[in-house]
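# All I have is the shape, not the residue letters:
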């Protein structure tokens, strides 16, 4: 069970941080295996398919993805992305209930380290590529709706306004 909570977008200044430090395996800022387990538990508790460390207040270049088994990526880098793109619906645990269409590359090649410091090189396609790119954006201080066209951005604004009202009502009921 995770002890972390995912603060909603407006309450998490770290989502805009463009200077998140890399994880240092030689001088670890925290236990990487415990961090990996916490990220996965928090992502799964929120019914997400990905979660970046800065979404839960941990300022390190780390994220997890719901694969089989779940994958945790330390210090990820994108080394190639296809010109072929796909526009699909996308959401975010930091903006619950707000889904809009985002265009992203269909294929990517990446490098990252696993929780034990082992370098990994992978190619992702489809939803796995989309998830990696979404979480990678979090570590760059970029939010998914910023990648949307103007129509989808307007949709985001309207849906987020409604979602926040709903979240406030739920919070009041829990008191």
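Looks like it came in fine. Not measured: the values here are computed from a predicted model. Numbering: from 1, shown residues only.
# Pull out the buried positions in the longest helix belonging to the chain.
Longest helix in the chain, counting residues (DSSP state H): helix 150-174. Using 16 or more other CB atoms under 10 Å as the test for burial, helix 150-174 gives 152, 155-156, 159-160, 163-164. All C-beta atoms are positioned from the backbone trio N, CA, C, and that covers glycine.
# Residues contacting it, please?
The contact list for helix 150-174, computed with CB atoms under 8 Å, 6 or more residues apart in numbering, reads 8-10, 95-102, 145, 148.
# Tell me which two of the residues you listed sit farthest apart.
Maximum pairwise distance in the contacts of helix 150-174, criterion CB to CB, is 22.1 Å, between 10 and 101.
# Specify which residue of those two has the higher count of neighbours.
residue 101 (14 against 11; other CB atoms under 10 Å).
# correct me, but that one touches residue 147?
No: counting by CB atoms under 8 Å, residue 101 does not reach residue 147; the two are 10.2 Å apart.
# Start and end of stretch 69-88, how far apart?
Start and end residues of stretch 69-88 are separated by 24 Å (CA to CA, to the nearest Å).
# buried stuff in it?
By neighbour count on 16+ other CB under 10 Å, the buried set for stretch 69-88 is 70-76, 78, 81, 86.
# Then stretch 111-119?
Applying 16+ other CB under 10 Å to stretch 111-119 flags 112-113, 115 as buried.
# what about the residue nearest the centre of the chain, distance to residue 103?
Centrality entry for the chain: nearest residue to the mean C-alpha point is residue 135, 3.2 Å, by CA atoms, centre = their mean. Distance from residue 135 to residue 103, counting by CB to CB, to the nearest Å: 17 Å.
# Any stretches of this structure with poor pLDDT?
Under the criterion pLDDT under 70, the flagged ranges of the chain are 1-4, 171-175.
# which stretches of it form strands?
Ranges of strands within the chain are 50-52, 62-65, 71-81, 85-92, 95-105, 107-113, 119-125, based on DSSP state E.
# And those: which comes nearest residue 22?
Smallest distance to residue 22 across the strands of the chain (CB to CB): 4.7 Å, for strand 71-81.
# Which strands border the closest one, and is each parallel or antiparallel?
Strand 71-81 has these partner strands in its sheet, going by DSSP bridges: strand 62-65 (antiparallel), strand 107-113 (antiparallel).
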